[in-house]
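1. predicted model follows, preceded by the sequence.
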Amino acid sequence: FRSASFTLKHLNVLDANSARDSASKAMYSKLFDWLVTRINNECLPKTAAAKQKNFIGLLDIFGFERFESNGFDQLCINYCNEKLQQVFSKSTFEKELALYTDEGVIELPKIVIPDNSQVLEHVGGLFKILQDLIKAKHQKGNPSDKFYNQVENKYPMKVGKKNKKKGTIIHTTRTKSFVVTHYAGEVEYNDWKNFYARSVDVLSTHLADTFGRSSNVILSTLFKRKGTENKKKKKISVGKQFQLALTDLVTSITATNVHYIRCLKSNIEQDQNRFDAKYVAKQMTQAGLPAAGEILVAGYPHKSTHLEFYTWNRDVVPALNGRSEKERFLKEPKAFCRLFCNHIQKEFNESFKSAVVGKSLVMMGIEENKTFVQFRNSRLAVVTLQASCRGRQARQRYSMQGISEGTLRRESTVTRYDSMKDLKF
């Protein structure tokens with residue numbers, strides 16, 4: 001270091017360890033940000049106007065964590081998952097409603113978004129307790145014990161059957177731990193003694209000034225004090241910094257058109273050709289897919305284009321599958337969809353009332369799709385049975401007249417097709 005003057009300050013062991021850890025974290029964090037900025041500046045166009053253009057961002061989301069020993073890191077990761085799950089549910093909800101509006105749905109379905117705002121609020125309260133302890137700077141007593149005592153006073157143990165059924169968001173246990181009920185299940189945070197130490201990230205201004213005067217060009221650049229920067233910086237805990245960074249991330253996400261990719265492992269051993277249903281279901285729960293499924297099920301989860309719907313169902317009504325009808329419906333498959341759905345609605349009334357033929361899609365709810373499958377299967381069974389019986393009768397009739405096998409096959413095929421045409425709506 002260039003500076004020849006030194007400031008001597010005696011620290012106890014806890015303060016010395018905190019100062020060392022804070023210095024390491026600050027150097028790593030600033031170096032990481034510097035590296036990302038340097039790469040972006042090299043990759044992006046040099047003009048300021050070009051830098052404001054659209055971008056594609058990739059976010060690798062934390063996996064939900066629940067181990068035998070859960071500490072501060074797990075709380076931060078699971079808090080992040082809670083926040084992103086809230087964004088995911090809201091995004092899924094808004095996309096569904098936008099789709100229904102675009103398709104011309106008049107009566108929008110009543111969809112309730114799964115709400116985890118209380119979990120976020122209570123976990124944010126834990127971060128606030130740690131923030132207040134750091135401001136107080138552990139005057140007397142162990143700060144970790146103070147943290148748990150405050151948590152225990154605010155969230156007492158669940159005693160008795162009645163309290164256990166209430167499903168409180170946070171509660172303490174007899175074994176000196178606290179449990180948070182996340183969207184993916186309960187997590188017991190038993191390594192709370194490291195919470196305070198992991199939360200302390202207050203870099204001494206003297207240390208920052210010393211790094212800023214370093215002979216290492218990169219280090220001095222990282223810690224160079226800005227002219228407007230206040231020397232008495234407000235002490236912010238790691239938890240608070242994490243919350244602020246997460247808020248910025250959510251702001252960026254909500255300003256973009258988001259697409260989600262969910263990766264599921266078929267088994268924990270990664271063996272080929274083996275599917276562990278319980279393990280996959282656990283991953284789906286931790287990824288928040290059941291909550292998204294609730295949103296979709298409340299609306300119209302079964303969707304198909306007009307042409308797909310016509311292609312799948314034209315054989316159900318052979319009378320509508322002649323050459324002229326085929327040409328017409330290939331050009332206007334929506335007309336077939338309306339005719340088909342209107343007939344089912346007349347036949348089944350209430351159980352098919354919410355099917356929608358939109359501008360580009362045919363959409364059905366769970367119950368409507370059950371009715372549709374029932375109708376389709378029964379019609380296909382009748383068509384197949386009638387065609388087989390009449391074809392058999394024709395073959396027997398012609399075989400008795402001594403007609404050749406080739407002619408018999410051609411004639412029986414024609415007869416079978418004619419019998420199928422007889423079945424109409």
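-> Now that the structure is in, tell me what you want to look at.
2. what bits of the chain have low per-residue confidence?
-> Scanning the chain for pLDDT under 70 picks out 1-7, 46-53, 137-139, 159-167, 202, 226-234, 318-324, 326, 350-351, 398-425.
3. scan it for its longest helix.
-> Secondary structure of the chain read by DSSP state H shows that its longest helix is helix 366-400.
4. packing partners for that one?
-> Identification of packing neighbours for helix 366-400 by 3 or more C-beta pairs under 8 Å, 6 or more residues apart in numbering; DSSP states H and E yields strand 302-305, helix 333-348, helix 405-421. No exception for glycine: its C-beta is placed from N, CA and C like everyone else's.
5. list the helices and strands the helix or strand harbouring residue 121 packs on?
-> Secondary-structure assignment from DSSP states H and E places residue 121 in helix 117-136. Helix 117-136 sits against helix 72-102, helix 143-154, strand 170-172, strand 178-182, helix 195-199, helix 238-254, with contacts defined as 3+ C-beta pairs under 8 Å, 6+ apart.
6. out of the ones you listed, flag the one nearest residue 290.
-> helix 72-102 (10.7 Å; C-beta to C-beta).
7. how far off helix 117-136 does the closest one point, in degrees?
-> In this structure, helix 72-102 runs at an angle of 140 degrees to helix 117-136, with axes from the mean of the first three to the mean of the last three C-alpha atoms, to 10 degrees as the basis.
8. so how far is helix 72-102 off the chain centroid?
-> Averaging C-alpha coordinates over helix 72-102 and over its chain gives two centres that are 6 Å apart (C-alpha atoms, centre = their mean, to the nearest Å).
9. buried residues in it?
-> For helix 72-102, a neighbour-count test (16 or more other C-beta atoms under 10 Å) marks 72, 74-86, 88-89, 91-93, 96-97, 99-100 as buried.
10. same check on stretch 54-67?
-> With burial defined by 16+ other C-beta under 10 Å, the residues of stretch 54-67 counted as buried are 61, 64, 65, 66.
11. check what contacts that stretch and list those residues.
-> Residues outside stretch 54-67 that contact it (C-beta atoms under 8 Å, 6 or more residues apart in numbering): 73-74, 77-78, 80-81, 84, 182, 184-185, 187, 249, 252-253, 256, 286-287.
12. ok, now which ones touch the spatially most central residue of the chain?
-> For the chain, the residue whose C-alpha lies nearest the mean C-alpha position (C-alpha atoms, centre = their mean) is residue 88; its distance is 4.6 Å. The neighbours of residue 88, taking C-beta under 8 Å, 6+ apart as the test, are 260, 288, 291, 292.
13. can you put these in TSV and add secondary structure, distance to residue 205 and neighbour count?
-> Output for those, formatted as TSV (DSSP: H, G, I helix; E, B strand; the rest coil; distance: C-beta to C-beta, whole Å; neighbours: other C-beta atoms under 10 Å):
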residue	secondary structure	distance to residue 205	neighbour count
260	coil	43	14
288	coil	42	25
291	helix	45	20
292	helix	47	21
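14. out of those, which one sits closest to residue 236?
-> The closest of the contacts of residue 88, once distances to residue 236 are taken by C-beta to C-beta, is residue 288, at 29.2 Å.
15. look up the closest residue to that closest one, ignoring the ones flanking it.
-> Taking C-beta to C-beta, 6 or more residues apart in numbering as the measure, residue 288 lies nearest to residue 85, with 4.3 Å between them; neighbours along the chain are not counted.
16. I'd like to know how far residue 305 sits from residue 34.
-> Residue 305 is 50 Å from residue 34, where distance means C-beta to C-beta, to the nearest Å.
17. pretty sure residue 363 sits in a helix.
-> No. Secondary structure of residue 363, determined by DSSP: H, G, I helix; E, B strand; the rest coil: strand, with no helix assignment.
18. ok, it - how many residues close by?
-> As a burial measure, residue 363 scores 21 neighbours (other C-beta atoms under 10 Å).
19. who's in contact with it?
-> Taking C-beta under 8 Å, 6+ apart as the definition, contacts of residue 363 comprise 100, 103, 105, 300, 302, 303, 355, 356.
20. dump the residue contacts of the spatially closest residue to it that is not a sequence neighbour.
-> For residue 363, ignoring the flanking residues on the chain, the nearest one in space by C-beta to C-beta, 6+ apart is residue 300 at 3.6 Å. With contacts taken as C-beta under 8 Å, 6+ apart, residue 300 has the following neighbours: 100, 109, 354, 356, 363, 364, 365.
21. so how far is residue 356 from the closest residue to residue 348 other than its chain neighbours?
-> Distances taken as C-beta to C-beta, 6+ apart put residue 371 closest to residue 348, at 5.1 Å, once the chain neighbours are dropped. Distance of residue 371 to residue 356, computed by C-beta to C-beta: 14 Å.
22. please apply the same query to residue 193.
-> Distance, residue 193 to residue 356, using C-beta to C-beta: 57 Å.
23. quick one, which of these two is more surrounded?
-> A direct count of neighbours by other C-beta under 10 Å for residue 193 and residue 356 places residue 356 higher, at 20 against 15.
24. can you name the residues bridging to that one?
-> When assigned by DSSP bridges, residue 356 has beta-bridge partners residue 363.
25. brilliant, that's me finished.
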